[in-house]
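Asks: Got a predicted structure plus its sequence, pasted below:
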Amino acid sequence: MTNATRMTVAGYLKQRLEELELDRLFGVAGNYTAPFLNTILEDKQSPIAITGVPNEICAGYAADGYARLKGIGAVTVTYGVGAFSLLNAVAGSYMELAPVVVINGAPTNKEFLNERISGLVYSHMMDDPNSNLNVYRQVAVSAQRIVNANEAPSQIDAALTACITHRQPVYLEVLEDVWRAPCPAPAGMLSRQQVSITVSDVKSAVLATLNMIQERGKPLFWAGVEIQRQGLQSEFLELLERTGISFTTSVLGKSIVSEDHPGYLGVYAPEGSNSSSGSGSAEVKQLVENAGCLIGLGAWTTGKDTNNQLIQGDGVALAQHGGVTVGARFFPSVMLADYMHGLIDAVKRAPPRFTAYKPEVPKVLSAAVKAEPTLTYDSFFATLDTWLTPENVVVSDAGFPLLGAQNLHISSANGFVAQASWLAIGYSTPAAIGVKCASPDKRVVVVVGDGAFQETCQAVSSHRYLGHDTVVFVMANGIYGIEQKLVNPNPFRTPPVVYEDPLLNEVFPYNELHPWSYAKLAEAFGGQGRVVTTAGELSEVLAEIESRPDDNFVVEVRIPKVDIPSSARKSLANAGEDETANPSWPPGLLF
């Protein structure tokens, strides 16, 4: 084998990532990964830009946000301390189909041998040489520990193929002395592997769906995140055009296509399903329940998407997770793409006859909400909704911000990003780094609670360092609002129930946050810091942001401590987890 057909393991991985069109590598520097990072730097023609991020979890969220829009992301960390810090971010990517390549550098073969024979423990090592590998096997579709350069090509190819096939994270752990060792050069190109299916199953699933539509009438599409992850937006739009069927989306699937589409009704989430205007009186929940049948395309029956309700029945078809259910019939291994193509082909040949379902959805913004003297969640989102343009991408954090943001009207496809299933607080601010890198022509707008912002606020320094014009709105109410609502929503009620136990009448002390001056953090991290307390002040700051297109902002939005988005207010009649255990529950009618 000639030198022309050999290269280093680091070079091999670099070339494979370039072939997959990766152009951004996030991470925290470590000596065990330095040979790989230096291999990228040594190649002046490499399209991969190395982007350091303040800590591992922020780097993971950045890679996740990037992967959602670009189709693949990558993050590099160092053994043990770095890999374990990254784990939570990768778990979210695993659950929400964000294809992230985790690259972990490890000690050398000699060091592992010394540890096993003599007990000498080097930096970041544990007793078990497979400790990092075993942990990542839980959150990766392929996990490889590379200790031999000759085996590296097959291991790298297997992992990367699994990543692009399943669109989930993979893990590559490379020992430090293997990076520079020679190995065979890549042979051929990597490609997605087609999952084995039976053609007759696809046809049967499509036929069962069309029969359901014709028998029950009033069909409605429920479009989910897998449409975006699998690049099926154009097929979905064709299906809408050929059938004329209206559609709703899940929170995860919000903005898979433009919400300007005439068939769009709004986000379906049984708690807080409002019309496409964001504050109309008609609820998407009722529209869905009034439909004759519901066809879910890549929409997941997660707790957040369905408020923990199981969506099944004679009038429901669900294509998700590599299978299709139509009523009581299950068609395993029918992939979403094949199912959608089958539906399109079928309606081309013979469009189904059905009773149309075209509910009217009011699109009226509440002037009363915008005129409130004190900012609330509702008045904030009503004001923001009128300011957003197709040139923005909204990144929402979990909790009350997501409940409010799900009803924003998003005009551009892929204009809304949220970790709406895993729901790790603190995701949004660092994810915005990757979202901006993936969409450099867009201005990223982050909406995050103050508790979540305290988790990963240092990501703002990356916004500034990278020259991003990202805007972070910190909803500052001083408490972990969503946590309080889950265990005891009483403080949010108007008026609250008066319990004999005073603990149930107030916000629990452990849900109180440390008071920060959020706007002043911009002085340390870089950028412009502002504080707003009224809708008028917010409008003035929005105008300033628009006039300064090159600056990043941290805007502290001060809202009342026990304010709550209207989309969550109806559920306040339900008992919290601590209330049901109280002897005085139920207290009678709440409202």
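Replies: Yep, it's here. Residues are numbered from 1 along each chain as shown.
Asks: For the host helix or strand of residue 452, which helices and strands make contact with it?
Replies: For residue 452, the host element (DSSP states H and E) is helix 450-456. Judged by 3 or more CB pairs under 8 Å, 6 or more residues apart in numbering; DSSP states H and E, the packing partners of helix 450-456 are helix 56-70, helix 428-438, strand 471-476. The C-beta positions use only the backbone N, C-alpha and C, and glycine is treated the same way.
Asks: With only the CA atoms kept, save the second one in CSV.
Replies: Once side chains and other backbone atoms are set aside, the C-alpha atoms of helix 428-438 remain, and they are given as CSV (Å, rounded to 0.1, in the frame of the first residue of the first chain):
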residue,chain,number,x,y,z
SER,A,428,-31.8,28.0,24.1
THR,A,429,-29.0,30.5,24.7
PRO,A,430,-26.1,28.2,23.6
ALA,A,431,-28.2,26.4,20.9
ALA,A,432,-28.5,29.9,19.4
ILE,A,433,-24.8,29.7,18.7
GLY,A,434,-25.3,26.8,16.4
VAL,A,435,-28.5,28.1,14.9
LYS,A,436,-26.8,31.3,13.9
CYS,A,437,-23.8,29.4,12.4
ALA,A,438,-26.2,27.3,10.4
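Asks: Check which element follows the helix holding residue 452 along the chain.
Replies: Moving toward the C-terminus from helix 450-456, the next helix or strand (DSSP H and E) is helix 459-465.
Asks: re the thing from before, distance to residue 243, mean neighbour count and mean pLDDT added to the helices and strands packed on helix 450-456, as CSV?
Replies: Listed next are those as CSV, based on distance: least, CB to CB, whole Å; neighbours: other CB atoms under 10 Å; pLDDT from 0 to 100:
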stretch, distance to residue 243, mean neighbour count, mean pLDDT
helix 56-70, 28, 29, 98
helix 428-438, 32, 29, 98
strand 471-476, 38, 27, 98
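Asks: will you turn those into TSV that also has distance to residue 147?
Replies: Formatted as TSV, the helices and strands packed on helix 450-456 follow (distance: least, CB to CB, whole Å):
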stretch	distance to residue 147
helix 56-70	23
helix 428-438	31
strand 471-476	43
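Asks: Nearest to residue 205, out of those?
Replies: Of all these, helix 56-70 sits nearest to residue 205, with 27.5 Å by CB to CB.
Asks: That closest one to helix 428-438, inter-axis angle?
Replies: 40 degrees (axes from the mean of the first three to the mean of the last three CA atoms, to 10 degrees).
Asks: which helices and strands sit right next to helix 56-70?
Replies: Using 3+ CB pairs under 8 Å, 6+ apart: helix 56-70 touches strand 24-27, strand 73-78, helix 81-95, strand 100-106, strand 416-418, helix 428-438, helix 450-456, helix 459-465.
Asks: show me where pLDDT drops low in the stretch 151-300 of the chain?
Replies: The model of the stretch 151-300 of the chain has pLDDT under 70 over residues 194-198, 270-285.
Asks: can I get the helices and strands packed on helix 56-70 in JSON lines with distance to residue 477?
Replies: What follows is those, written out as JSON lines (distance: least, CB to CB, whole Å):
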{"stretch": "strand 24-27", "distance to residue 477": "31"}
{"stretch": "strand 73-78", "distance to residue 477": "32"}
{"stretch": "helix 81-95", "distance to residue 477": "24"}
{"stretch": "strand 100-106", "distance to residue 477": "32"}
{"stretch": "strand 416-418", "distance to residue 477": "19"}
{"stretch": "helix 428-438", "distance to residue 477": "16"}
{"stretch": "helix 450-456", "distance to residue 477": "7"}
{"stretch": "helix 459-465", "distance to residue 477": "20"}
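Asks: among the ones you listed, which is nearest residue 187?
Replies: With CB to CB as the measure, strand 100-106 is the member of these nearest residue 187 (19.9 Å).
Asks: What values do phi and psi take at residue 467?
Replies: Reported as degrees, to the nearest 10, the phi and psi values for residue 467 are phi 70, psi 30.
Asks: How many neighbouring residues does it have?
Replies: If you count neighbours by other CB atoms under 10 Å, residue 467 ends up with 11.
Asks: same deal with the one 10 residues further on?
Replies: Applying the criterion other CB under 10 Å, we find 22 residues in the vicinity of residue 477.
Asks: List the residues that contact it.
Replies: 449, 450, 558, 559, 560, 561, 562, 563 (CB atoms under 8 Å, 6 or more residues apart in numbering).
Asks: Do a quick rundown of the helices in the stretch 351-500 of the chain.
Replies: With DSSP state H, counting those that start in this stretch applied, the stretch 351-500 of the chain shows helices at 367-370, 377-387, 400-405, 428-438, 450-456, 459-465, 481-487, listed in chain order.
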